[in-house]
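J.: Dropping a prediction and its sequence here:
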Amino acid sequence: MSWAPLPSSSRDGGKGPAALSDLLDVVMAGLGAPKADVVLLVHDRWDDVVGSEVAAHVHPVNIEDGCLRVVADGPAWASHLRWAEPEIIARLENLLGSQDVRSVSVRVGRK
């Protein structure tokens, strides 16, 4: 991975410090992740995406290269989420207005 300096703020013609949100977006893009607001929105609206019963047992971890990684309390919940993957992706696309999430990877473990 090559090194590149972080951008300076465009608000003042590039002479001052950049806004933290702009820097986070650059760092996240370098890691293959969507913008920070996308990740926060998925976490904040997880109950709406999968329903409160599932959300109590399955938690989003991160988004990397278009893959939403989640952890499930047990194998039954993991299996349920794998089965519901197309619907979850469609709901996320509707929520986000983009295709930042193209797949879901589920593992069994702790939050």
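T.: That came through fine. Predicted model, so just to flag it, every value in this text is computed and none were measured.
J.: Could you double-check that residue 82 sits in contact with residue 106?
T.: Yes. Using C-beta atoms under 8 Å, residue 82 is in contact with residue 106, at 5.7 Å. The C-beta positions use only the backbone N, C-alpha and C, and glycine is treated the same way.
J.: Looking at those two, which is more packed in?
T.: More neighbours surround residue 106 than the other of residue 82 and residue 106, with 19 against 13 (other C-beta atoms under 10 Å).
J.: who's the more buried one bridged to?
T.: For residue 106, the beta-bridge partners under DSSP bridges are residue 70.
J.: what sits against the residue nearest to residue 110 when sequence neighbours are not counted?
T.: Sequence neighbours aside, residue 71 is the residue nearest to residue 110 in space, at 7.0 Å (criterion: C-beta to C-beta, 6 or more residues apart in numbering). Going by C-beta atoms under 8 Å, 6 or more residues apart in numbering, residue 71 touches 58, 59, 61, 106, 107, 108, 109, 110, 111.
J.: Tell me the one among these nearest to residue 23.
T.: Closest approach between the contacts of residue 71 and residue 23, by C-beta to C-beta: residue 61, at 22.3 Å.
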